[in-house]
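1. Next input, structure requested:
(one chain, ligands or ions: 2)
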Amino acid sequence: MTTEAPQIPANIGLETRIIVAVNESGGSVKTTTVSALAAIAAMGGLDVLVIDADSQRDLAHILGCDDPDADENLATLFDVIDGLAALDEAVIPARRGEGGPVIPHLWLVPGSRRLKELDEKLASATLREMWFNRLLSAVLGRFHVVIIDCPGDLKLTTKGALLSHKDVEVMACVKSQEKEARALTELEATLAEINATFGPFGVDLGIDWVVIGESVSHDSQGKVYVQAEAQLREAYGPLVMSPSVKRSTKVAEAYSAQTALPIFAPRSEAALQYTEIAKGMGLVKP
Ligand SMILES: Nc1ncnc2c1ncn2[C@@H]1O[C@H](COP(=O)(O)OP(=O)(O)OP(=O)(O)O)[C@@H](O)[C@H]1O
Ligand SMILES: [Mg+2]
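-> Ligands and ions are numbered 1, 2, ... in the order given. Okay, here's the model as predicted:
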């Protein structure tokens with residue numbers, strides 16, 4: 001049964017942190033990480049907004065809204081881009097499961113499958129990489145933290161998220177595989193390209209956090225994974241959060257239950273590892 005929707009927080013002048021989850025390659029634990037960290041921060045009492053900027057809409061699915069395009073009462077991120085709603089008007093409460101109880105302090109802007117049309121839609125727009133920047137102001141000051149979940153590429157949607165605010169924190173999410181380290185090199189190249197173009201506007205992006213998910217503990221589970229994680233830690237040093245999040249069947253179970261992992265299985269090893277990461281990122285009190 002759907003519980004009554006609460007009011008979204010008013011603008012009380014909070015200094016809103018903006019965290020953008022990125023990786024050039026798909027399936028690199030971005031959405032799992034965004035939903036887990038957001039749920040942990042919200043359970044700790046922060047007002048958290050997550051924005052689903054991926055046409056796959058997995059984040060909306062995990063937070064209780066499986067098909068935002070099908071619900072004509074909902075505004076999606078694409079409707080906001082289309083000028084049909086302001087970003088704050090597209091904010092809905094996150095839920096445990098489809099139509100389930102509201103998760104206190106956790107809010108969602110649902111994605112849309114139409115986000116695939118973004119490149120075409122903005123093809124001739126001036127400063128098109130800045131498309132997110134003009135939208136975001138409607139939610140600043142209302143939330144302690146906004147986390148944007150990007151698609152698995154570094155195209156216009158991701159660039160827009162990276163340029164959505166002058167002080168975004170770049171959170172690279174990776175699996176412990178060699179190709180993931182290569183993907184981080186690609187990400188660094190894209191950040192350098194953005195800095196070269198937008199530096200005169202005060203943009204100076206770099207990787208702020210690296211979160212390793214679906215990692216394995218022992219050589220017996222896959223030596224190549226253990227080595228890849230060691231290489232990531234060597235290359236990115238203190239930017240790599242500890243611990244890494246171990247491979248866990250609970251992640252898939254939580255996805256099926258349309259519930260963020262730390263709410264679905266709060267005492268699971270993976271949820272506890274995400275809690276330590278959230279502490280390290282200042283998303284919960286130590
Ligand atoms: N700790 C984990 N243990 C087991 N499976 C995991 C873990 N973390 C993520 N996964 C699985 O890995 C897959 C990719 O994760 P996720 O959807 O979070 O990645 P993504 O980067 O958002 O992918 P996409 O680029 O497709 O949006 C999913 O099937 C997810 O369930
Ligand atoms: Mg995803």
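
2. residues from the chain in reach of ligand 2?
-> Contact residues (C-beta under 5 Å from the ion) of the chain with ligand 2: 30, 31, 58. Heads up, the C-betas are built off the backbone N, CA and C, glycines and all.

3. Enumerate the residues of the stretch 101-250 of the chain near ligand 1.
-> 152, 173, 213, 214, 245, 247, 248 (C-beta under 6 Å from any ligand atom).

4. Pretty sure the third one sits against residue 243.
-> No. The pair residue 213 / residue 243 is not scored as a contact, 10.7 Å apart, by C-beta atoms under 8 Å.

5. Have a look at the two and say which one is more surrounded.
-> Shown here are residue 213 and residue 243; by other C-beta atoms under 10 Å, residue 213 has more neighbours (25 against 15).

6. Is stretch 30-40 positioned near ligand 1?
-> Yes. On the criterion C-beta under 6 Å from any ligand atom, stretch 30-40 is in touch with ligand 1 at 30, 31, 32.

7. Excluding its own residues, what touches that stretch? List them.
-> With contact meaning C-beta atoms under 8 Å, 6 or more residues apart in numbering, stretch 30-40 is reached by 19, 21-23, 48, 50, 54, 58-59, 62-63, 94, 103, 106, 145, 147, 149-150, 152, 171, 173, 211, 213, 245, 251, 255, 260-263, 270-271, 274-275, 277-278, 281, 283-284.

8. One more pass at 7 Å, please.
-> Contact with stretch 30-40 is made by 21, 23, 48, 50, 58-59, 62-63, 103, 106, 147, 149-150, 173, 211, 213, 251, 260-263, 274-275, 277-278, 283-284, as judged by C-beta atoms under 7 Å, 6 or more residues apart in numbering.

9. Buried only: go through the residues you listed for me.
-> Burial by neighbour count, 16 or more other C-beta atoms under 10 Å: within these this picks out 21, 23, 48, 50, 58-59, 62-63, 103, 106, 147, 149-150, 173, 211, 213, 251, 260-263, 274-275, 277-278, 283-284.

10. Any figure for the gap between the residue of the stretch 1-150 of the chain found nearest ligand 2 and residue 39?
-> The minimum distance from the stretch 1-150 of the chain to ligand 2, using C-beta to the ion, falls at residue 31 (3.2 Å). From residue 31 across to residue 39, the span is 12 Å (C-beta to C-beta, to the nearest Å).

11. Who has more neighbours out of those two?
-> Shown here are residue 31 and residue 39; by other C-beta under 10 Å, residue 39 has more neighbours (31 against 26).

12. Next, the more buried one: secondary structure please.
-> Assigned state for residue 39: helix (three-state reduction, DSSP: H, G, I helix; E, B strand; the rest coil).
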